[in-house]
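K.L.:
prediction below, plus the sequence it came from.
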Amino acid sequence: MLGAFLKKGDVISGAVLAALGVFIITQSRAWDYYTLDGPGPGFFPFWYGVAMVVLSLLLIVSSARNGDDGKSKGVDWPATGRAMMTWLAFAVSVALMNFLGFLISFALLAFFLVTVIFRRPVITAAVVAVTSALAFHLIFPVALSVSLPTGPFGF
Amino acid sequence: MDIASGLLHGFAVALQPSNVIWCFVGCLLGTIVGIMPGLGPAATIALLLPLTFKMDPSGGIIMLAGIYYGAKYGGSTTSILLNIPGESSSVVTCLDGYQMARKGRAGAALGIAAIASFVAGTVGVIGLTLVAPPVAAFALSFSSPEYFALMCLGLALVVLLSGASLLKGLLSLLLGLWLTSIGTDLFTAQSRFIFGQATLLGGIDFMVVAIGVFAIGEVLGSVEDGEEAKVLPVPRGFRNLLPNAEELKACRFAFLNGSITGFLVGCLPGGGATISSFIAYGIEKAVSKHPEQFGKGAPEGVAAPEGANNADTGGALVPLLTLGIPSGGSTAIMLSALVLWGVKPGPLMMQESPDVFWGLVASMYIGNVVLLILNLPLVPLFAQILRLPVYVLFPIIFGISIVGAYGASGRMFDLGLLVGFGLLGYAMSKLKYPSAPLILGFVLGDAMERALRQSLMMSQGDLLTLVERPISAIMLSLALVILLIPLFGWLNRLRVRAITENG
């Protein structure tokens, strides 16, 4: 029962936001709330922090009181997994850009998405990855002089 | 400058060859990206905004506006041919548009959508031309308390209309206010919430938040579906795209209804094209002599929501250009772009930046004609975009997002933030937290804090100053009433029904 309750996204997100609200209030107390000139840098954050805590708690309470109405669909884990794998691949490719530059990191991301997420043949993935990465390189850094992260090979 | 001379000046700006090209490019890009399912106007503008950074403000805003209403035109194509709305404001168009397409009238449905968009889009711009100057003149009397109250009212409306849960809308707004506080306090130079990172002293770049929450968040949501939808065929040939006389006759009132409803609802912060298209469809069905035909391929069921969707653009620009208050995600991005170019939207914009203001208004008359030309004969061509596989499309969107976020600042740190905001956008959509209040809170947060602190400085700390001035008292009272709506059961049920029926 408690497990099902805690699994509810509203309760979890409400708790996270309530914690953020407490953090905001705590931080704002370190800055001037009111100065001789008027409200200080802590004034506005203090009040929206308070509002965040109050509203988050209201969300948790209302969610707990309403319970499961039976209408809400459960989480589609395979679909969510696809989205999270895509996000993770994106995060890894951004991290790799520090070392490999945009061109190679982006090609790797595209290759991964096409083969693993969309389950297309390796040849198709290679063609999409190479042509799209080259197209980005030619359009942005070369034609439009837009800077992109560079790696050890200068691209 | 009166309205007529302002508009003439605007046409002189908008008809400069470079600006005509930017208008055309904006309309074309908007239509193309708008046709792709999963990317709405806000995400489209966020993705393509970096292209305008090196342009002059008039050309840049003309192109952005072209993208904005071009994406709305394009949204109807997916609704009619795929039964998948290109953006939320095209949800209602699916009901009758897809049914018409299934009966072999896809061409006529696309034609009706294009004609309705043109008629209502033009009416919306006429409304903007006539309404903006008096609104700006009225707003000249505003001081800090009125601006603070106006922002409270605008944000309250956005929260009210953005999602079924008012609590989640408010929390999304507060999150936006917090994110915009990160950086250096403008009054005292005190650093706030920077977590020891010197790169955060200048605050978080708006582009990173907008692209992350809208574009990456939407793509992650679309990746979940995986399946590629089947496109219904579009008949080739210009004649096949024209509705017959009987269909046009049935749509007469729908064109007018969509135009007026779209413009009026568009003027309201938070109103947005989704709500206006739903209301226009509801009115059309209510006054129809054969309401039983709705949902089965009634032409007016396409004309009314598509008209409202496009008339909304003119309405949405009224509060943005005259008060500096964006009414939704798309106009919030346009506000940031204007500020970036050194243009300050508000009551003085017409005097301080007549080229930008009137140039933009005039370009929208031109843009509507461009879009009619693009959308009638070229729809079969645009429909081919729908055949672009998602496994090609999604990597491209990721690439453009990286270019957009990195190109603005050249900092790897911003790409890290982009990853974080992408996850936030996805989590918000999964948990049904509306993203528009977050974006508006982020855009308006600084100005709101400044207006509040200036008001309290003027009154030496007396909060009553906010309610002693009649205009601010009225606006704050309205904001309070709006936020109390959930306490009135029947009114809240109406609100929730209007929002949830729009997906």
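P.N.:
On my side now, so go ahead. Residues are numbered from 1 along each chain as shown, chains lettered A, B, ... in the order given.
K.L.:
so stretch B:388-405, near chain A or not?
P.N.:
Yes: counting by Cβ under 8 Å from any Cβ of the partner chain, chain A is contacted by stretch B:388-405 at B:389-392, B:394-396, B:398-399, B:402-403. The C-beta positions use only the backbone N, C-alpha and C, and glycine is treated the same way.
K.L.:
of those, keep whichever come out buried.
P.N.:
Buried members of the residues of stretch B:388-405 next to chain A, counted by 16 or more other Cβ atoms under 10 Å in any protein chain shown: B:390-392, B:394-396, B:398-399, B:402-403.
K.L.:
can you tell me which of the residues of stretch B:388-405 next to chain A is nearest B:Glu218?
P.N.:
Minimum distance to B:Glu218 across the residues of stretch B:388-405 next to chain A is 10.5 Å, recorded for B:Phe394 (Cβ to Cβ).
K.L.:
which phi and psi does that closest one have?
P.N.:
In this entry, B:Phe394 is assigned phi and psi values of phi -70, psi -40 (degrees, to the nearest 10).
K.L.:
go ahead and confirm it touches A:Leu113.
P.N.:
Yes: counting by Cβ atoms under 8 Å, a contact exists between B:Phe394 and A:Leu113, whose distance comes to 6.1 Å.
K.L.:
need the overlap of contacts for the two.
P.N.:
Common contact partners of B:Phe394 and A:Leu113 (Cβ atoms under 8 Å, 6 or more residues apart in numbering or on different chains): A:Thr86.
K.L.:
tell me which residues touch B:Phe382, please.
P.N.:
B:31-32, B:35, B:74, B:77, B:374-375.
K.L.:
what does the stretch 51-200 of chain B put close to chain A?
P.N.:
Counting by Cβ under 8 Å from any Cβ, the residues of the stretch 51-200 of chain B lying close to chain A are B:165, B:167-168, B:170-171, B:174-175, B:177-178, B:181, B:185, B:187-188, B:190, B:192-193.
K.L.:
for the residue nearest to B:Ala473 when sequence neighbours are not counted, give me the pLDDT.
P.N.:
The shortest distance from B:Ala473 to any non-neighbouring residue, by Cβ to Cβ, 6 or more residues apart in numbering or on different chains, is to B:Val467 (4.5 Å). Reading off the per-residue confidence, B:Val467 sits at a pLDDT of 90.
K.L.:
where's B:Val467 relative to B:Thr261, distance?
P.N.:
B:Val467 sits 33 Å away from B:Thr261, going by Cβ to Cβ, to the nearest Å.
K.L.:
more neighbours: which of those two?
P.N.:
B:Thr261 (28 against 14; other Cβ atoms under 10 Å in any protein chain shown).
K.L.:
am I right that that one sits in a helix?
P.N.:
Yes: secondary structure of B:Thr261, determined by DSSP: H, G, I helix; E, B strand; the rest coil: located in a helix.
K.L.:
contact partners for it?
P.N.:
Going by Cβ under 8 Å, 6+ apart, B:Thr261 touches B:276, B:279-280, B:283, B:304, B:308, B:311.
K.L.:
got it, and A:Phe44?
P.N.:
Applying Cβ under 8 Å, 6+ apart, one finds that A:Phe44 lies in contact with B:177, B:181, B:449, B:452-453.
K.L.:
in helices, which of those residues appear?
P.N.:
When helices are assigned by DSSP state H, the members of the contacts of A:Phe44 inside them are B:177, B:181, B:449, B:452-453.
K.L.:
which one of those residues has the most neighbours?
P.N.:
Tallying neighbours with other Cβ under 10 Å puts B:Leu177 at the head of the ones in helices among the contacts of A:Phe44, with 27 neighbours.
K.L.:
which residue packs closest to B:Ala46, ignoring adjacent ones?
P.N.:
Spatial nearest neighbour of B:Ala46, chain neighbours left out: B:Ala210 (4.0 Å); criterion: Cβ to Cβ, 6+ apart.
K.L.:
ok, now A:Phe106?
P.N.:
The spatial neighbour of A:Phe106 that comes closest, neighbours along the chain excluded (Cβ to Cβ, 6+ apart), is A:Ala133 at 5.0 Å.
K.L.:
ok, B:Ala46 - contacts?
P.N.:
Each residue near B:Ala46 by Cβ under 8 Å, 6+ apart is listed here: B:207, B:210-211, B:214-215, B:333, B:404.
K.L.:
most surrounded residue in those residues?
P.N.:
By neighbour count, taken as other Cβ under 10 Å, the most surrounded of the contacts of B:Ala46 turns out to be B:Ile211 (31 neighbours).
K.L.:
that residue and B:Ser18, how far apart?
P.N.:
Distance check for B:Ile211 against B:Ser18: by Cβ to Cβ, it reads 27 Å.
K.L.:
what residues sit buried inside the helix or strand harbouring A:His137?
P.N.:
Taking DSSP states H and E as the criterion, A:His137 maps to helix A:122-137. Neighbour counts over helix A:122-137 (16+ other Cβ under 10 Å) mark A:124-125, A:127-129, A:132-133, A:136-137 as buried.
K.L.:
what about it, distance to the chain center?
P.N.:
26 Å (Cα atoms, centre = their mean, to the nearest Å).
K.L.:
now do stretch B:204-215
P.N.:
Centroid separation for stretch B:204-215 versus its chain: 15 Å, with Cα atoms, centre = their mean.
K.L.:
what's the closest non-adjacent residue to residue 92?
P.N.:
Here I'm looking at chain A. Counting by Cβ to Cβ, 6+ apart, the nearest residue to A:Val92 once its immediate chain neighbours are dropped is A:Leu109, at 8.0 Å.
K.L.:
should've been chain B
P.N.:
Closest residue to B:Val92 in three dimensions, ignoring its sequence neighbours and counting by Cβ to Cβ, 6+ apart: B:Pro305, at 4.1 Å.
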